[in-house]
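Enquirer: got a predicted structure here, sequence first:
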Amino acid sequence: MKLSSETIRKMMASVRSTRDVELTCGHCYDELDLFIEMKLSGKNAEEAMPLVVEHLDRCAACREEYEVLLLALEAMVQ
């Protein structure tokens, strides 16, 4: 299988952006309720929980879970 230049570029960007401390999907999922609660209450969740933000930026599965939970809770609040 030959990788395209674009695929290699994206892979290298992912490698360069890794940190010594990162959340796993399990840890991210455990933090989503607090993260969403902070967002819904108007607090700066991104500033308070930067590792969650970084994980959501990198992980499509966790991002999708976050978006679904956020929509569900926003619908309940309205």
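Expert: Structure received. Numbering: from 1, shown residues only.

Enquirer: and stretch 10-22, end to end?
Expert: Using Cα to Cα, to the nearest Å, one end of stretch 10-22 lies 19 Å from the other.

Enquirer: do you know how far the residue most central in space within the chain is from M11?
Expert: Using Cα atoms, centre = their mean, the residue of the chain that lies closest to the mean C-alpha position is L56, 1.0 Å off. If you measure L56 against M11 using Cβ to Cβ, to the nearest Å, the figure is 20 Å. Every C-beta, even on glycine, is put in place using the N, C-alpha and C of the backbone.

Enquirer: before we move on, the earlier item: helix/strand/coil for the residue nearest to the centre of the chain?
Expert: What DSSP: H, G, I helix; E, B strand; the rest coil gives for L56 is helix.

Enquirer: tell me which helix or strand the residue lying closest to it once chain neighbours are set aside sits in.
Expert: In this structure, L56 finds its nearest non-sequential neighbour in R63, 4.8 Å apart by Cβ to Cβ, 6 or more residues apart in numbering. Element membership for R63, per DSSP states H and E: helix 60-77.

Enquirer: got it, and V53?
Expert: Assigned by DSSP H and E, V53 falls in helix 50-58.

Enquirer: contact partners of that helix?
Expert: 14, 17, 19, 21-23, 25, 28, 31-32, 35, 45-46, 62-63, 66 (Cβ atoms under 8 Å, 6 or more residues apart in numbering).

Enquirer: I am finished for the moment; much appreciated.
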